[in-house]
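**Q** Give me coordinates for this.
(one chain, ligands or ions: 1)
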Amino acid sequence: MSASNRVSDTANPSVDLSGEEGWNEFDAPSLVGDSLRFVSGEPDGNRFRTRYYRDAEQHLHARIWFGPETEGPPGHAHGGSIAAVMDEALGLAAWAAGYPIVVGNLNVSFRAMLPIKKVVTLESQVVSVEGRKVMIHGKLFCDEETVYAEGQCLCITIPGR
Ligand SMILES: CCCCCCCCCCCCCC(=O)SCCNC(=O)CCNC(=O)[C@H](O)C(C)(C)COP(=O)(O)OP(=O)(O)OC[C@H]1O[C@@H](n2cnc3c(N)ncnc32)[C@H](O)[C@@H]1OP(=O)(O)O
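**A** Here you go, the predicted structure:
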C-alpha cells in the first residue's frame, strides 16, 4: 500500500448511518452494556461504525459502515469482519427480542464481495424459538439486487438472566 493510500485510510470521513422512515433508534448498550465493543465500540473509528434500529414490528435493523480497517481482499471486506458483524447483530436481535443468549452456531454465506468504505444495511428476524434454541436469520445488503451475506444464527438462552 502506498503512503498516500495510508493517509487517506486514516482520514476520518463523516458517514451517514441514518435509518429509514419508521425505524426507531435502538439503544443497544443500555441492554447489553459493553458486550458490543468488539464491533461497535469505536463509533468514529476506521473499522466498523454501526447504528441499530427497530421497526414497528420490533425487528432489529442496522446501518453498518465497513471502514478501511475491515479490508480483506483488496478494496473489500474481510470475511471475518462480516462474520463478526453477523455474530453481534444477530445475537443482539435475540436479546432485543427478550432472549438472553449466547451464540451457539453461526453460518454465514458470503454472496458478493462487499466494498469497504460503504454503508450497508442489516436486517434480522427471529424465525423460531424451541426450548432454549432461538434461531435468528439476517442479511447484509445495499439494495434488493445486492445481497452481500446471509446469516443463520442459532442462539442458546443462558440461565439466570
Ligand atoms: C453473559 C452475557 C452477558 C451479556 C451478553 C450480551 C450479548 C450481546 C449480543 C451478542 C453478541 C455476541 C454474541 C457472541 O459472540 S456470544 C459468544 C460466542 N459464543 C459462545 O462463546 C458460546 C460458547 N458455548 C457455550 O457456552 C455452550 O455451548 C452453550 C451455552 C451454547 C450451550 O451449552 P449448555 O450446556 O448451556 O446447553 P446444552 O449443551 O445442554 O444445549 C442446549 C440445547 O442447545 C443445543 N445446542 C447447543 N449448542 C449448540 C450448537 N453449537 N449447535 C447446535 N445446537 C446446539 C443442544 O443440542 C441442546 O438442544 P436440545 O438437545 O435441548 O434440543
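**Q** So is the longest helix that the chain contains next to the ligand?
**A** The longest helix of the chain (DSSP state H) is helix 79-96. Yes: contact of helix 79-96 with the ligand (C-beta under 6 Å from any ligand atom) involves D87, E88, G91, L92, W95. In short, each C-beta sits where N, CA and C put it, glycine included.
**Q** what about that helix, average pLDDT?
**A** Mean pLDDT, helix 79-96: 98.
**Q** Alpha carbons only: can I get that helix in PDB?
**A** Taking C-alpha atoms only, helix 79-96 is exported to PDB below (Å, rounded to 0.1, in the frame of the first residue of the first chain):
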ATOM      1  CA  GLY A  79     -15.000 -12.400   5.700                       C
ATOM      2  CA  GLY A  80     -14.200 -12.500   9.400                       C
ATOM      3  CA  SER A  81     -15.300  -8.800   9.700                       C
ATOM      4  CA  ILE A  82     -18.600  -9.800   8.100                       C
ATOM      5  CA  ALA A  83     -19.000 -12.800  10.400                       C
ATOM      6  CA  ALA A  84     -18.200 -10.600  13.400                       C
ATOM      7  CA  VAL A  85     -21.000  -8.200  12.400                       C
ATOM      8  CA  MET A  86     -23.400 -11.100  11.900                       C
ATOM      9  CA  ASP A  87     -22.400 -12.500  15.300                       C
ATOM     10  CA  GLU A  88     -23.000  -9.200  17.100                       C
ATOM     11  CA  ALA A  89     -26.100  -8.100  15.200                       C
ATOM     12  CA  LEU A  90     -28.000 -11.500  15.200                       C
ATOM     13  CA  GLY A  91     -27.100 -12.100  18.800                       C
ATOM     14  CA  LEU A  92     -28.300  -8.700  19.700                       C
ATOM     15  CA  ALA A  93     -31.500  -9.300  17.800                       C
ATOM     16  CA  ALA A  94     -32.200 -12.200  20.100                       C
ATOM     17  CA  TRP A  95     -31.500 -10.100  23.200                       C
ATOM     18  CA  ALA A  96     -33.700  -7.300  21.800                       C
END
